[in-house]
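Student: The following block contains a protein sequence and its predicted model.
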Amino acid sequence: MGRTSSLSAYIVTRLILSLPMLIILLTVVFLVLRVLPGDPISAIYGGRAPLEVVERARAQLGLDKPLIVQYFDFMRAILVEPFARLLHLQAPTPDLGYSLKYTGQTVWSRVITVLPGTIELTIFGMLVAIMIGTVTGMVAGSRRDTPVDVGLRMYGIVAYVIPIFWLGLMLQLVFALWLGWLPPNGRMSGEFPKFRTGLYTIDSLLEGDLTKFLDAVSHLILPALALGIVISGLFTRIIRVNMLTTMRSDFVEAARARGIKERVVIYKHAFKNAMIPVITVMGLQFALLFSGAVLTEKTFNWPGMGTRLLTAITERDFPVVQGAIIVYAIMVVIASLAIDIINAFVDPRIKY
């Protein structure tokens with residue numbers, strides 16, 4: 001079997017296996033939200049609403065049904081109905097119910113309007129983490145036990161343990177308030193670009209408006225730095241360890257024995273092979289970045305999923321809370337699948 005056909009078989013297998021993973025995650029979300037102490041309806045109305053209002057709300061959420069019936073209704077609305085819509089060439093929109101706080105608004109509409117903001121912030125945060133972590137880890141690994149290595153190791157430890165909200169506040173204080181170089185919060189200062197993808201940097205480029213693009217980028221810099229610097233500490237340490245292991249490998253010694261320049265040995269041979277196991281970690285961190293952007297969004301008043309989730313919790317809007325957590329779970333599955341596929345392309349040693 002050729003590599004192309006075996007690679008295709010591997011991708012198909014991973015696509016099939018991602019379905020049980022998604023079902024398990026959704027089952028955990030369903031059970032956790034229903035076995036927690038307290039009644040969401042009582043929490044919403046605080047025990048002050050008439051009985052008929054409470055019963056109507058319970059019926060709207062389906063909480064008056066047996067747990068097993070609730071579970072199958074839950075899974076049908078999220079998995080079966082979107083697939084059926086897709087077969088009829090319709091948008092595969094999951095039925096997440098309606099918001100209790102905002103009458104007439106679906107949970108999906110509440111979530112999908114802010115989802116692009118979190119995706120954009122996560123992508124830029126990951127780019128910052130990869131750029132900083134790759135450079136620092138590679139330099140530290142190629143200069144073992146030198147003052148540069150010690151300093152970068154300290155950076156990796158300190159960066160990873162810094163509270164992200166504190167780092168965000170310091171960046172705002174220095175670059176927004178003291179220096180006035182960058183805006184302190186929000187996604188845009190001026191007019192929003194026309195909605196196409198929801199990613200303001202992409203939408204402004206599609207409009208051909210450089211002013212809007214620069215505005216969007218300037219608002220992204222500080223939150224992306226706060227998010228990326230913290231994760232870069234982990235990348236620094238992992239890449240350094242892999243570089244040290246690779247530098248002692250036989251193929252590196254062989255390259256040196258052939259008289260290849262040390263710079264070529266480090267950058268072309270050692271670093272390339274050291275990055276293969278790191279890709280998996282980067283993919284998992286991307287999923288964690290997506291769900292962990294809550295504090296960053298709150299600090300920078302960034303209109304994203306994290307801000308919407310915190311607002312829903314404060315407003316006791318149970319359907320929106322549930323919908324946001326479901327979207328987080330789905331994104332984790334997508335990120336895991338994407339990394340497995342990328343690894344298959346990068347590492348020929350993966351068995352199909």
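Tutor: That came in fine, so what should we check first? Treat the numbers as computed from the prediction; the structure is a model and nothing was measured.

Student: wait, what's in contact with Y98?
Tutor: Q60, G104, Q105, T106, V107, P319 (CB atoms under 8 Å, 6 or more residues apart in numbering). Bear in mind the C-beta positions are built from the backbone N, C-alpha and C, glycine included.

Student: Give the burial count for the fifth one, as a bare number.
Tutor: Meaning V107. V107 has 26 neighbouring residues, counting by other CB atoms under 10 Å.

Student: And the fourth one, by the same measure?
Tutor: Residue crowding around T106 was assessed by other CB under 10 Å; the count is 18.

Student: in the sheet, who's paired with it?
Tutor: Beta-bridge partners recorded for T106 (DSSP bridges): Y98.

Student: if I look at it, how far off is I339?
Tutor: According to CB to CB, to the nearest Å, T106 and I339 sit 31 Å apart.

Student: Over to the second one?
Tutor: Taking CB to CB as the criterion, G104 is separated from I339 by 39 Å.

Student: likewise the third one?
Tutor: When distances are taken as CB to CB, Q105 and I339 turn out to be 34 Å apart.

Student: again with the last one
Tutor: When CB to CB is the yardstick, P319 and I339 sit 31 Å from each other.

Student: Please name the nearest non-neighbouring residue to G125.
Tutor: In space, and not counting its chain neighbours, G125 is closest to L227: 3.3 Å by CB to CB, 6 or more residues apart in numbering.

Student: I figured L167 hits V230, correct?
Tutor: Yes: when contacts are counted by CB atoms under 8 Å, L167 is listed as touching V230 (6.7 Å).

Student: Tell me which of the two has more neighbours.
Tutor: Between L167 and V230, counting by other CB under 10 Å, V230 is the more crowded of the two (24 against 20).

Student: How about the more buried one, nearest residue that isn't a chain neighbour?
Tutor: What sits nearest to V230 in space, not counting adjacent residues and going by CB to CB, 6+ apart, is I164, at 5.2 Å.

Student: wait, doesn't that neighbour sit right on I231?
Tutor: No: I164 lies out of contact with I231 (CB under 8 Å); the separation is 9.4 Å.

Student: ok, those two, which is more surrounded?
Tutor: Legend: neighbour count by other CB under 10 Å for I164 and I231, higher for I231 (25 against 19).

Student: does the spatially most central residue of the chain belong to a helix or a strand, and which?
Tutor: Among the residues of the chain, the one closest to the centroid is F290, at 2.0 Å (CA atoms, centre = their mean). Counting by DSSP states H and E, the element that carries F290 is helix 276-292.

Student: helix or strand right after that helix?
Tutor: Defined by DSSP H and E, the subsequent element after helix 276-292 is helix 294-299.

Student: I would like the residues contacting the helix or strand that that following helix is followed by, please.
Tutor: Moving toward the C-terminus from helix 294-299, the next helix or strand (DSSP H and E) is helix 305-314. Helix 305-314 is contacted from outside by 101, 110-111, 114-115, 117-118, 293-298, 301, 317, 320-321, 324-325, 327-328, using CB under 8 Å, 6+ apart.

Student: hmm, back to that, quick one: the residue nearest to G125 and L63, what's the gap?
Tutor: L227 is 36 Å from L63, by CB to CB.

Student: Now do the helix holding F290 against helix 305-314: the angle between them, please.
Tutor: Taking axes from the mean of the first three to the mean of the last three CA atoms, to 10 degrees, helix 276-292 and helix 305-314 form an angle of 40 degrees between their directions.

Student: average model confidence for helix 276-292?
Tutor: Per-residue pLDDT over helix 276-292 has a mean of 72.

Student: What average pLDDT does stretch 82-101 get?
Tutor: Rounded mean pLDDT across stretch 82-101 is 76.

Student: Any idea how far apart the tips of it sit?
Tutor: 25 Å (CA to CA, to the nearest Å).

Student: Could you pull out the helices in the stretch 151-300 of the chain for me?
Tutor: With DSSP state H, counting those that start in this stretch as the criterion, the stretch 151-300 of the chain has helices at 164-171, 200-207, 210-247, 250-257, 262-264, 271-274, 276-292, 294-299.

Student: Just put those helices in JSON lines and tack on distance to V69.
Tutor: Converted to JSON lines, the helices of the stretch 151-300 of the chain look like this (distance: least, CB to CB, whole Å):
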{"stretch": "helix 164-171", "distance to V69": "41"}
{"stretch": "helix 200-207", "distance to V69": "42"}
{"stretch": "helix 210-247", "distance to V69": "41"}
{"stretch": "helix 250-257", "distance to V69": "60"}
{"stretch": "helix 262-264", "distance to V69": "65"}
{"stretch": "helix 271-274", "distance to V69": "52"}
{"stretch": "helix 276-292", "distance to V69": "29"}
{"stretch": "helix 294-299", "distance to V69": "32"}
